[in-house]
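*Asks:* Any chance you can model this:
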Amino acid sequence: MSRWIVALLSLGLTLAAAVLAAGPARALSHAEARHLLARTGFGATLAEIRDFEPLSRDQAIERVLSQRSDSAATPAPDWVGDPVMPPRRLRAMSDEERQRFRRARIEEAIELQAWWYREMVASPSPLTERMTLFWHNHFTSSIRKVKSPHLMYRQNVLLRRHALGNFRDLLHAIARDPAMIIYLDNVTNRRGRPNENFARELLELFTLGEGHYSERDIKEAARAFTGWSLNRRSGEYRFVARWHDHGEKVFMGRRGNLNGSDIVEIVLQHPQVSVHVARKLWREFVSDTPDPAEIGRIAEAFRASDYDISVALAETLSVPQFWDPGARGALVKSPVELLVGTIRQFELRPQNVRRLPRIGRHLGQAVLDPPNVKGWPGGTAWITADSLLARQQVLEMFTRRAGLSVGTNGRAAGGRNGMGWLSGWMNDLDPDQRRPDALIAFLLPVPPVHPPVPGQDPARLMRHLLLDPAYQLK
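*Replies:* Alright, predicted model coming up:
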């Protein structure tokens with residue numbers, strides 16, 4: 001008995017020593033805080049980085065996730081509440097009236113894109129907007145095909161509402177989303193003439209990935225979604241029973257008079273769903289090379305939580321690979337991240353936000369108008385010889401004549417060589433923050449490709465760093 005007591009005391013002392021050696025959770029370094037905020041937002045200010053530095057990794061992740069929102073802070077355009085134009089009324093218009101209507105639609109589309117940029121710039125929850133953009137690139141729809149800014153706005157609201165919520169709820173909602181129904185042609189999916197587009201993308205892109213379903217599964221799923229349409233007068237989802245195929249279907253081994261909701265629930269029972277989403281989150285937040293073991297662990301936690309997106313994201317941000325110094329600068333900023341991140345980092349106020357969607361399109365990313373059903377490929381695909389030159393030109397514009405003003409003190413852009421706002425921003429920093437090494441650590445995830453000239457004027461140094469290739473990375 002005495003040997004057992006001695007052994008237990010020894011074990012207790014060993015555990016106590018281990019706890020004392022570990023001490024309290026280590027606070028984040030400046031580089032770690034910057035890295036977390038850069039990956040989960042659009043660029044962080046010096047104040048935001050300093051606010052996160054006293055936190056441990058777990059505390060920092062918890063704070064980032066706690067700052068989420070389910071609605072936009074920026075007022076939507078006035079017209080979003082107007083009735084949707086029924087096709088019958090459009091067909092009854094004269095040619096001149098139809099042209100005026102189409103010009104108005106184009107104007108509304110530009111205004112809607114600018115509104116979303118405005119929200120990304122001003123949002124108190126940058127992670128929410130990052131995830132809204134993430135889901136927009138996962139459940140793609142394009143205003144070019146949908147041809148309704150009203151419906152694209154409603155889809156954007158839907159994605160934001162569920163951005164960090166439950167993937168099951170999001171998947172059911174997107175299957176009934178009018179913009180998606182139009183984009184993937186389910187509006188023409190009728191009994192006897194099934195359209196397979198939505199069913200195919202539901203399995204291939206949204207949930208499972210290639211190789212985890214059969215062509216018969218696609219055909220049977222398409223039959224189950226027949227009659228899932230929309231009311232042309234209100235633009236709302238509606239189920240048309242006479243268009244639905246009420247016959248027996250066999251989908252992934254399940255037999256019965258299945259409908260679209262049944263298909264979604266059967267798919268969600270497949271373990272590959274959590275793996276597919278975990279891989280996409282990894283590529284978005286960690287690196288281009290997912291680790292199979294970690295993906296399995298994240299997927300298991302995601303599935304065990306009944307598809308809580310915040311759980312999957314918290315697990316993703318906790319992996320050692322995310323915090324490894326080698327992960328910094330391993331991803332390329334998207335055009336949206338480049339534009340919004342620069343504005344947020346320096347607390348700038350664009351005088352004409354309507355320019356941002358045009359600039360984003362010029363750089364290869366037109367929000368609400370992805371290139372195809374697979375969305376933007378991202379990663380190194382953002383950088384080509386042409387796009388790199390375009391990015392440099394845009395950053396030149398920011399540093400010289402962007403038509404911007406500093407948000408904290410309202411100091412107007414301008415000054416000699418157009419760098420007045422950079423000088424003004426620098427004047428608000430304390431001496432330690434103005435040191436070249438501190439500015440590099442704030443602005444770049446990795447050392448600059450082109451080292452700055454010793455003794456360089458601080459405003460010129462900042463311009464030098466903004467134009468360095470390392471600024472394109474996150």
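*Asks:* Can you list the low-confidence ranges for the stretch 301-450 of the chain?
*Replies:* Scanning the stretch 301-450 of the chain with the threshold set as pLDDT under 70 gives 401-420.
*Asks:* distance of the closest residue to Leu268 other than its chain neighbours from Val267?
*Replies:* Nearest in space to Leu268, with sequence neighbours left out and distances taken as C-beta to C-beta, 6 or more residues apart in numbering, is Arg168 at 5.8 Å. (Each C-beta comes from the backbone N, C-alpha and C, glycine too.) Distance of Arg168 to Val267, computed by C-beta to C-beta, to the nearest Å: 10 Å.
*Asks:* And those two? Which one has more around it.
*Replies:* Of the pair Arg168 and Val267, Val267 is the one with more neighbours under other C-beta atoms under 10 Å, namely 22 against 17.
*Asks:* what about the more buried one, helix or strand, and which?
*Replies:* Counting by DSSP states H and E, the element that carries Val267 is helix 260-268.
*Asks:* Could you list every helix and strand in contact with that helix?
*Replies:* helix 167-175, helix 215-224, strand 249-251, strand 254-256 (3 or more C-beta pairs under 8 Å, 6 or more residues apart in numbering; DSSP states H and E).
*Asks:* Can you pull out the residues in contact with the longest one?
*Replies:* Contacts made with helix 215-224 from outside it, assessed by C-beta atoms under 8 Å, 6 or more residues apart in numbering, are listed as 189, 191, 194-196, 198-200, 202-203, 245, 247, 249-252, 258-260, 262-263.
*Asks:* give me that answer again for 6 Å
*Replies:* Under the contact criterion C-beta atoms under 6 Å, 6 or more residues apart in numbering, helix 215-224 has outside partners 194, 196, 199-200, 245, 249-252, 258-260, 263.
*Asks:* ok, so of those, who is nearest Arg361?
*Replies:* Proximity of the contacts of helix 215-224 to Arg361 (C-beta to C-beta) peaks at Arg200, which lies at 28.0 Å.
*Asks:* Tell me who's in contact with that closest one.
*Replies:* Ile218.
*Asks:* the domain parsing of this protein - what is it?
*Replies:* 28-66, 78-268, 272-327, 335-472 (automatic domain parsing).
*Asks:* Turn the contacts of helix 215-224 into JSON lines, columns for distance to Met180.
*Replies:* Below are the contacts of helix 215-224 laid out as JSON lines (distance: C-beta to C-beta, whole Å):
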{"residue": "Pro194", "distance to Met180": "17"}
{"residue": "Glu196", "distance to Met180": "15"}
{"residue": "Ala199", "distance to Met180": "12"}
{"residue": "Arg200", "distance to Met180": "13"}
{"residue": "Asp245", "distance to Met180": "20"}
{"residue": "Lys249", "distance to Met180": "21"}
{"residue": "Val250", "distance to Met180": "25"}
{"residue": "Phe251", "distance to Met180": "20"}
{"residue": "Met252", "distance to Met180": "22"}
{"residue": "Leu258", "distance to Met180": "20"}
{"residue": "Asn259", "distance to Met180": "17"}
{"residue": "Gly260", "distance to Met180": "12"}
{"residue": "Ile263", "distance to Met180": "15"}
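*Asks:* From those residues, list the buried ones, please.
*Replies:* For the contacts of helix 215-224, a burial check counting by 16 or more other C-beta atoms under 10 Å picks out 194, 196, 199-200, 245, 249, 251-252, 258-260, 263.
*Asks:* count of neighbours near the nearest residue to Arg176 once chain neighbours are set aside?
*Replies:* Nearest residue to Arg176, sequence neighbours excluded (C-beta to C-beta, 6+ apart): Tyr237, at 4.3 Å. When neighbours are counted by other C-beta under 10 Å, Tyr237 registers 16.
*Asks:* Bridging across strands, which residues link to Tyr237?
*Replies:* Leu230 (DSSP bridges).
*Asks:* Who are the contact partners of it?
*Replies:* 176, 178, 230.
*Asks:* By neighbour count, which of the residues you listed wins?
*Replies:* Counting by other C-beta under 10 Å, top hit in the contacts of Tyr237: Pro178 with 27 neighbours.
*Asks:* hmm, who's touching stretch 364-380?
*Replies:* 113, 116, 137, 140, 142-144, 152, 201, 288, 334-336, 387.
*Asks:* what do you get for stretch 67-87?
*Replies:* Contacts for stretch 67-87 (C-beta under 6 Å, 6+ apart): 111, 115, 118-119, 122-123, 125, 127-128, 150, 153, 161, 164, 232-233, 235.
*Asks:* Throw together a ChimeraX command that grabs the buried residues out of these.
*Replies:* This is the ChimeraX syntax for the buried subset of the contacts of stretch 67-87, where burial follows 16+ other C-beta under 10 Å:
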select :111,115,118,119,122,123,125,127,128,150,153,161,164,232,235
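*Asks:* Take the contacts of stretch 67-87 and keep only those in helices.
*Replies:* 111, 115, 118-119, 122, 127-128, 150, 153, 161 (DSSP state H).
*Asks:* which of those residues lies closest to Ala47?
*Replies:* Ala122 (16.1 Å).
*Asks:* residue contacts, the closest one?
*Replies:* Thr74.
*Asks:* From Gly378, how far out is Glu204?
*Replies:* 18 Å.
*Asks:* Those two: which has the busier surroundings?
*Replies:* Glu204 (18 against 15).
*Asks:* tell me the SS of that one?
*Replies:* helix (DSSP: H, G, I helix; E, B strand; the rest coil).
*Asks:* Could you find the closest non-adjacent residue to it?
*Replies:* Glu210 (5.8 Å).
*Asks:* What pLDDT does the model give Pro86?
*Replies:* Pro86 carries a pLDDT score of 82 in this model.
*Asks:* Near it, how many other residues are there?
*Replies:* 14.
*Asks:* Strands of this structure, residue ranges please.
*Replies:* Listed in chain order, the strands of the chain (DSSP state E) span residues 228-230, 237-239, 249-251, 254-256, 348-350, 404-406.
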